[in-house]
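*Asks:* Return atomic coordinates for the entry below.
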Amino acid sequence: IGAKTARAHAAMQRSLAGDRAAKEYLALVYGRVPRGRGTIDVGLRRDPRDRRRVIAANDGTPSLTRWERLGRVRAEPVGLALLKCRLVTGRMHQIRVHFKSIGFPVVGDTTYGHAQTNEAFKKYGLKRQFLHAWQLEFTHPITHKTIHVEAPLPEDLQRVLKGLGSHQFKIP
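*Replies:* Alright, predicted model coming up:
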């Protein structure tokens, strides 16, 4: 999303902030996610040892992610799950850090992920993290109309799911 003027840009930032916009992502995570849906309510803050990274911390900025499991496969040694993630707050690296904090790192994430799993996914041609901004809904800052934008899953991520047996996943 882009803005043509500074005023429109500022209005867009306000519109997309917090819970005024619906931001949904698709993520493939490593591990056997035990139930069909959940909420991660863990604060986030900069890592004091590396300011480019974010860590989960009780004294961090409040951050909330809601998720729903769309499917899973038993892959050795632990398993994989495709999740639909809805950001209630919008913090830097929120999904990646939240899922790492509960033991389910995003596949392909070289910063917060699981190196062995990432290496194994190279056979599917995965060269990045399996995290996709899927849907966005917000109020237009000028017309005040609800705007809904959807981006289909890119070809490289579809290839990964096909390689895993995409019939296992309820792909939106």
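
*Asks:* for the record, mean pLDDT for the helix or strand where residue 147 lies?
*Replies:* Assignment of secondary structure by DSSP states H and E places residue 147 within strand 146-150. Strand 146-150 carries an average pLDDT of 92.

*Asks:* Pairing partners for that strand, with directions?
*Replies:* strand 131-139 (antiparallel) (DSSP bridges).

*Asks:* Any buried residues in the partner strand, and which?
*Replies:* Within strand 131-139, the residues that qualify as buried are 131-132, 134-136, 138-139, counting by 16 or more other CB atoms under 10 Å. In this view, the C-beta of every residue, glycine as well, is placed from N, C-alpha and C.

*Asks:* So for stretch 25-32, what gets flagged as buried?
*Replies:* 25-31.

*Asks:* now the lowest-mean-pLDDT helix or strand in the chain against strand 146-150, angle please.
*Replies:* Lowest on mean pLDDT, DSSP states H and E among the helices and strands of the chain sits helix 6-16, with a mean of 79. For helix 6-16 against strand 146-150, the angle by axes from the mean of the first three to the mean of the last three CA atoms, to 10 degrees is 80 degrees.

*Asks:* From the contact counts, what lies against helix 6-16?
*Replies:* strand 131-139 (3 or more CB pairs under 8 Å, 6 or more residues apart in numbering; DSSP states H and E).

*Asks:* any residues touching the strand it packs on, and which ones?
*Replies:* With CB atoms under 8 Å, 6 or more residues apart in numbering as the test, strand 131-139 has contacts from 1, 12, 15-16, 20-27, 84, 95-96, 106, 108-109, 145-151, 153-154, 157, 172.

*Asks:* Now, of those, which are buried?
*Replies:* Among the contacts of strand 131-139, the ones that count as buried by 16+ other CB under 10 Å are 12, 15-16, 21, 23-27, 84, 95-96, 106, 108-109, 153, 157.

*Asks:* Out of those, name the ones that lie in strands.
*Replies:* When the buried ones among the contacts of strand 131-139 are checked against strands (DSSP state E), the matches are 23-27, 84.
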